[in-house]
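Asker: Output the structure for:
(one chain, ligands or ions: 1)
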Amino acid sequence: MTRYSVELGDRGLTLRNIQGVENRDRSVPLYANYLWLRDNCSTSWDIEIGDRQFDIVEQPLNLRARSAQVQQNELVIVWEHDGHQSRYDIEWLARWLTRPGHDDLAHVPVNLWKSDFRESMCRFEYSSIAGDPEARIAYLRALLTDGMALVEGVADSDDGVKHVAEIAGHVRATFSGYFFDVKAYPKPVGTAYTARALEPHTDVPCEQYPPGIQYLHCRVNDVVGGQTTFVDGAAVAHDLKTLHPLDFELLSTISVPFRFAHDAMDMRARQTVIVLDDFGEVQGVTISQHMADIFDIDQHALDDYYPAFCRFGAMLRDRKYQLEFRLEAGQCIVFDNQRIVHGRSAYDPNSGARLLRGCYSDRGELRSRYRVALRSLPNSREKVGNI
Ligand SMILES: [Fe+2]
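Answerer: Next up is the predicted model:
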């Protein structure tokens, strides 16, 4: 039988000889802070509501354990100041003290792609992802790994794109509203609403939080020209890091201004061109010549920044990264607006009609839907909640 020792300190306790985590060296002691332990007592959460009800801010900062011992598979602590008893599953505790953080089903390996992605891009029928849980999981996973997927069989109605978007989240608004119709207007409010070519870009960087997932539902497209192009910005950023590490450093650390302004609007925000996550990995890109404001960083810094910016911009236009195809009526292309750079070639507005109806949803909600969809599978061992 394993013997455990618990050593009480001033601000935390040390556990020795703890089992419970695979391949863990039991001779290595585990330390746990008292405030963390008290905050994460299993009684802290309201089981029905799901929220933490306990408020650590109301506890004394010099919180101490009066006693602590391992009984069977639990660490049992009695707290000094109020006599409250906390119990912790020893396997749960050892896991958090060894490898903090929730396991995340939505943290899936990213598939960085180039122009040959055309053959492997995932295609789904709308009726299938709307009605079949396994098809829906495959669709959500494709968005997480590839950053894009094509949905076909979408009804030719104003709500068609909304129904696609609602599979991965709620439609979220931008400064221009919940939905937008991309066509050539007599009095356009942006390049997108003309028949001109659109350089490779990500949408709406002039907002503090640019939209995550973008949907473009093709209602009609029989014009001459108007091919749609996509580039995996994360793949290009990775290659930039290898080829020009200093450029990568500049583009991922210095933020630059973006702006969209006309008579009734003046949206401004700063973004880095290459966006890193908390672990320093590329999580996306921000690029938009038509919304880039006048760069306001130090002119000497621009001596290095501009060449880096232009080298990265030129790489994004290199055909070896570029996927080009023609959206057909009834198709909806779904892509991660913070990773996949999109554009279009010019078209002749007098040669026919071209109408794409678009909207956005949130990246975080996509991950949430994916976790919940996997958890709903019959053999899932995933749990709701924290304890
Ligand atoms: Fe766009």
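Asker: wait, doesn't Cys218 sit right on Gln331?
Answerer: Yes. With contacts counted by Cβ atoms under 8 Å, Cys218 reaches Gln331, the gap being 5.1 Å. For the C-beta atoms, the positions are set from N, CA and C on the backbone; glycine is no exception.
Asker: more crowded one of these two?
Answerer: Cys218 (24 against 20; other Cβ atoms under 10 Å).
Asker: and His217, what does it touch?
Answerer: Residues in contact with His217, defined by Cβ atoms under 8 Å, 6 or more residues apart in numbering, are 154, 160-161, 164, 331-332, 356-358.
Asker: In strands, which of the residues you listed fall?
Answerer: The strands, defined by DSSP state E, take in 332, 356-358 from the contacts of His217.
Asker: Closest to Ser120 out of these?
Answerer: Cys332 (18.9 Å; Cβ to Cβ).
Asker: So what sits opposite that closest one in the bridge?
Answerer: Val151, His217 (DSSP bridges).
Asker: So what's the residue count around it?
Answerer: A count of nearby residues for Cys332, using other Cβ under 10 Å, gives 26.
Asker: so where do the strands sit in the stretch 1-150 of the chain?
Answerer: 5-8, 12-16, 30-33, 65-71, 74-79, 85-89, 123-125, 148-152 (DSSP state E, counting those that start in this stretch).
Asker: Paired strands for the fifth one, with orientation please.
Answerer: Looking back up the chat, that one is strand 74-79. The pairing partners recorded for strand 74-79 under DSSP bridges are strand 65-71 (antiparallel), strand 85-89 (antiparallel).
Asker: Would you mark the buried spots in the longest one?
Answerer: In terms of neighbour count (16 or more other Cβ atoms under 10 Å), strand 65-71 has its buried residues at 65, 68, 70.
Asker: Ok, stretch 28-39 next?
Answerer: 30, 32, 34-35, 37-39.
Asker: Show the residue spans covered by the helices in the stretch 251-387 of the chain.
Answerer: Remark: helices assigned in the stretch 251-387 of the chain by DSSP state H, counting those that start in this stretch are 299-316, 363-375.
Asker: can you redo the ones you listed as CSV with distance to Thr202 and mean pLDDT?
Answerer: Shown next, in CSV, are the helices of the stretch 251-387 of the chain (distance: least, Cβ to Cβ, whole Å; pLDDT from 0 to 100):
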stretch, distance to Thr202, mean pLDDT
helix 299-316, 10, 98
helix 363-375, 12, 96
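Asker: For Phe260, find the nearest of those.
Answerer: helix 299-316 (19.3 Å).
Asker: so of the helices of the stretch 251-387 of the chain, which one's packed in deepest?
Answerer: Comparing these by mean neighbour count (mean count of other Cβ atoms under 10 Å), helix 363-375 comes out on top with a mean of 18.
Asker: Would you mind pulling up the elements that that helix packs against?
Answerer: Packing partners of helix 363-375 (3 or more Cβ pairs under 8 Å, 6 or more residues apart in numbering; DSSP states H and E): helix 133-145.
Asker: The helix it packs on - contacts with which helices or strands?
Answerer: Checking 3+ Cβ pairs under 8 Å, 6+ apart, helix 133-145 ends up next to strand 123-125, helix 126-131, strand 148-152, strand 332-336, helix 363-375.
Asker: how about 7 Å then?
Answerer: helix 126-131, strand 148-152, helix 363-375 (3 or more Cβ pairs under 7 Å, 6 or more residues apart in numbering; DSSP states H and E).
Asker: wait, which of these is closest to Tyr4?
Answerer: Using Cβ to Cβ, the helices and strands packed on helix 133-145 put helix 363-375 closest to Tyr4, at 32.7 Å.
Asker: For Ala106, which of the strands paired with strand 74-79 is the nearest?
Answerer: strand 85-89 (24.4 Å).
Asker: Name the residues that touch that closest one?
Answerer: If you take Cβ atoms under 7 Å, 6 or more residues apart in numbering as the criterion, strand 85-89 is touched by 37-38, 41-42, 73-78.
Asker: Which of those residues are buried? Put it as a ChimeraX command.
Answerer: Provided next is the ChimeraX selection string for whichever of the contacts of strand 85-89 are buried by 16+ other Cβ under 10 Å:
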select :37,38,41,74,75,76,77
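Asker: Just give me the closest of the contacts of strand 85-89 to Phe279.
Answerer: The closest of the contacts of strand 85-89, once distances to Phe279 are taken by Cβ to Cβ, is Leu37, at 26.2 Å.
Asker: Look up how far Glu91 lies from the closest one.
Answerer: 16 Å (Cβ to Cβ, to the nearest Å).
Asker: do Asp296 as well
Answerer: With distances taken as Cβ to Cβ, Asp296 is found 53 Å from Glu91.
Asker: which one of the buried residues of stretch 28-39 sits closest to Lys320?
Answerer: Leu30 (49.5 Å).
Asker: Run through the bridge partners of the closest residue to Ile294 other than its chain neighbours.
Answerer: Using Cβ to Cβ, 6 or more residues apart in numbering and skipping the chain neighbours, the partner closest in space to Ile294 is Pro257 (7.3 Å). Per DSSP bridges, the residues bridged to Pro257 are Arg270.
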